[in-house]
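Engineer: 3D model of this:
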Amino acid sequence: MNNPSFETQHLEEYALRLVLDNLKEVSYDVSKFDKPRSHHARHSHFESSTIEYSHPLICSTSACNFTQESTSTLIAAVALMKANRTTAAWSALRSLFSQQGYNGFLPKYVFSQPVTNFTELGYFCENTEIPTSRLFKESLPPHYKPCPPLVDGASGDSSITCLDFYSEYTYANELQFKGSGRLAALPLHSTAILEIFYLSNQTSSDVEILGDFFNRLYKLHYYWMEHVMKRCSSGQIEMCYNIINPWESMTSLESPQWNDILQQVKELIGESGWTPKSGLIPENVRKSNRFPEDPKVFDAVLYLIECHSNVTALHSTGDVIGDYELQLISYCPFAMLDLSHLSILSRSTHDLQQIAKILRASHSNPPTKDKSKLINAWIEKSDGLMHRYLWDETHKRYSSRNIHFVTNGTASIESKPALFRSQESRFVKSLASTNLMAGWSNIPDTSHFMESIISPILAHDGSYNFNCNSPYPLTSWACDDTNDNSGTNQTILIDPLINYYVSLGLIHNGEQGVGGFIQQETLKLMCSDHDNDAVCTNLSFANSFAYPLYSNNWTQCDLRSTTSAALLYDLLTPDKSHRYIPTPPMKNSWVIVLVVAEIVVAFSVGLSCLLLSLNLMKKLAEEEHADRLAREQNQRSLVDDEEVVNMLEREGGQYEPLHNFQQEGDIGSHLPNTMLWNILQYMNPFKVNEGSNDET
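Structural biologist: Sure, this is the predicted structure:
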């Protein structure tokens, strides 16, 4: 998207608009499908006739309207949550995880378009190098697929992949969603979901969704650590790997490193007579800056995909997952311990541990001790591989390691024993900027951090820097002493996604200054204005930038990338505090019970107070009646006393104080006791008559 001028404070609005434009929200009619079988259900929640999915598309092109990529989806979901689009953010993850396999495997691509006739569908989206579902054959072992059929007596919780976090059946199989075969997604999911939770309102519903995602994320990490990378800690370090196709790495295909790494595969293509498919890509796409200079690199990637599909067909049972992974690299000679992949997995494992702590604090389905113990072991394993096995002491930097294979049979994929066996693992002679992704995770050794991360970023000369011939950081590969750009004649590329992750890694390791500088320069790059901080003269959401910037070898998809728009929005929008304050340790059902109990107690107290009040009112009425009778009796007594006094006065008696009676005995001895008491009451100086304020 090219516009004449934008004020920088409004850039996030344009970025969010593109993310929303590329968000495909679909309501699928599932009423025609049979209800799920009972062993799938955790809750009876299958009455809805429709199911809602949100698919963040890779870019703005109608040719790829049904293609969803994992990393792009995760970054888009973070941006949506920052924009308070909570439902859309969770729904985007919902569609992505609909293709999670029973064993935790997640594919790189999700295709939500049913295909009935593959011959009418090309291998790539029109005018892009983005693959379609036709490129990936259907064959995958059952446990790599979502919601596999369970045989009688089988154990395991199939509901984890049959139901989503709303406890609704995914209908992924019925809707004919497809994945990208064994081509796996980068394991960014724990990091992204933890970030999304921190950005949410952290309601009880958000905590519940996080708890459900924890089970899925745990299975994802179990797949990587215990299946793919199980030999990394079993004394078979030469067989330690995490990717089996270059598309699983963050290092793009135009990087010069793939020319050497894929040499063995390129030779195998020539020997086997396999028909290359790069010619199926339109010429304008092959001429774009994102396409590798050597088409054989692209052919090698496609060969590996087809090779994996053929091996899967041989290994159709899928009963032993480890053997399946081993057979893939035995027939298809490519595997490497990729630095960018491992750094992402290491950081995600730490974040998985943090999710577990949040669930324990919230008392919402906390993980078991065994799971927590295994997560701690995974952290030690991934950190150890990163900082010991991938540290190249000779060159003082982190580097990937590539497995070198030797022939062990004939050049036919159907032959047995396997064609290749691993001989050794070697450091990759790579100067790719993805090597800086080592800083995405924690680096305990300060000298390693300075030598391998900070120095190459800040240096402008020497054998290992990322500032050659470009005013913007970070070039996709470094310069060296003998030549610019490692001997390639390609245009220098700058990937905003690499800048984004490297800058966040620097900030995570305490280098806020350098990390903030890269973020600011990335913003200027996307505005194509290096000198003006106030005005964005030429906003572009390209998936990568070439220098010189006037290079025009881009497709429409290249220039309207969801990933670039989402990361720009994320950089421009302030983060929330990464804190979680747990609510009282109580589930929703117990909250309802407590509220009902409080209502009962309050009603009982109110009823008791009412009865007590009525009883007091009754007693007061009785006492008032008794007082009235006493006053009437007292009044009659006063009248009688007055008559006695009058009688004394008529008989000539003299009124005297009481002590005179006592002293002289003139009257007291002659008066009855009752009369004497009445006289005393009459003479009481504190007596107050009824209806008068005067003392008698």
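Engineer: where exactly do the strands run in the stretch 501-650 of the chain?
Structural biologist: Here the stretch 501-650 of the chain has its strands, by DSSP state E, counting those that start in this stretch, at 535-536, 545-547.
Engineer: quickly, which of these bottoms out on average pLDDT?
Structural biologist: Among the strands of the stretch 501-650 of the chain, strand 535-536 has the lowest mean pLDDT, at a mean of 71.
Engineer: low pLDDT regions in the stretch 401-550 of the chain?
Structural biologist: For the stretch 401-550 of the chain, the stretches with pLDDT under 70 are 409-418, 462-463, 469, 480-491, 529-535, 537, 547-550.
Engineer: show me where it has helices.
Structural biologist: Per DSSP state H, counting those that start in this stretch, the stretch 401-550 of the chain carries helices over the ranges 446-449, 455-458, 496-508, 512-527.
Engineer: what's the angle from the third one to helix 512-527?
Structural biologist: Between helix 496-508 and helix 512-527, the angle formed by their directions is 160 degrees, by axes from the mean of the first three to the mean of the last three CA atoms, to 10 degrees.
Engineer: residues touching helix 496-508, excluding its own?
Structural biologist: 71, 75, 250, 343, 433-434, 436-437, 439-442, 453, 457, 473-474, 476, 512, 514-516, 518-519, 521-522, 525-526, 542-545, 563-564, 567-568, 570-571 (CB atoms under 8 Å, 6 or more residues apart in numbering). (C-beta placed from N, C-alpha, C; glycine too.)
Engineer: lowest confidence element among the helices and strands of the protein?
Structural biologist: Least confident helix or strand of the chain, by mean pLDDT, DSSP states H and E, is helix 658-664 with a mean of 46.
Engineer: number of residues surrounding the nearest residue to E126 once chain neighbours are set aside?
Structural biologist: In this structure, E126 finds its nearest non-sequential neighbour in A63, 3.8 Å apart by CB to CB, 6 or more residues apart in numbering. By other CB atoms under 10 Å, 18 other residues sit near A63.
Engineer: what is the neighbour count of I599?
Structural biologist: When neighbours are counted by other CB under 10 Å, I599 registers 10.
Engineer: how far away is it from G606?
Structural biologist: 10 Å (CB to CB, to the nearest Å).
Engineer: centre-most residue in the chain?
Structural biologist: In the chain, the centroid-proximal residue (CA atoms, centre = their mean) is I193; its distance is 0.8 Å.
Engineer: where's that residue, which helix or strand?
Structural biologist: In this structure, I193 sits in helix 189-199 according to DSSP states H and E.
Engineer: mind giving me the packing neighbours of that helix?
Structural biologist: Applying 3 or more CB pairs under 8 Å, 6 or more residues apart in numbering; DSSP states H and E, one finds that helix 189-199 contacts helix 70-82, helix 86-97, helix 204-222, helix 339-362.
Engineer: pull out the buried positions in stretch 257-276.
Structural biologist: 257-259, 261-262, 264-266, 268-269 (16 or more other CB atoms under 10 Å).
Engineer: give me the nearest residue to S340, chain neighbours excluded.
Structural biologist: Nearest to S340 is M250, by CB to CB, 6+ apart, at 3.8 Å.
Engineer: so the one you found sits against P187, correct?
Structural biologist: No: in this structure, M250 is not within contact of P187 by CB atoms under 8 Å, at 11.6 Å.
Engineer: so between the two, which is more surrounded?
Structural biologist: P187 (25 against 22).
Engineer: got the contact list for that one?
Structural biologist: 220-221, 224, 341, 344-345, 348.
Engineer: separation between it and H578?
Structural biologist: 20 Å.
Engineer: and the strands in the stretch 201-350 of the chain?
Structural biologist: Using DSSP E, counting those that start in this stretch, strands in the stretch 201-350 of the chain cover 336-337.
Engineer: number of residues surrounding the nearest residue to V285 once chain neighbours are set aside?
Structural biologist: In space, and not counting its chain neighbours, V285 is closest to E129: 5.5 Å by CB to CB, 6+ apart. E129 has 20 neighbours, counted by other CB under 10 Å.
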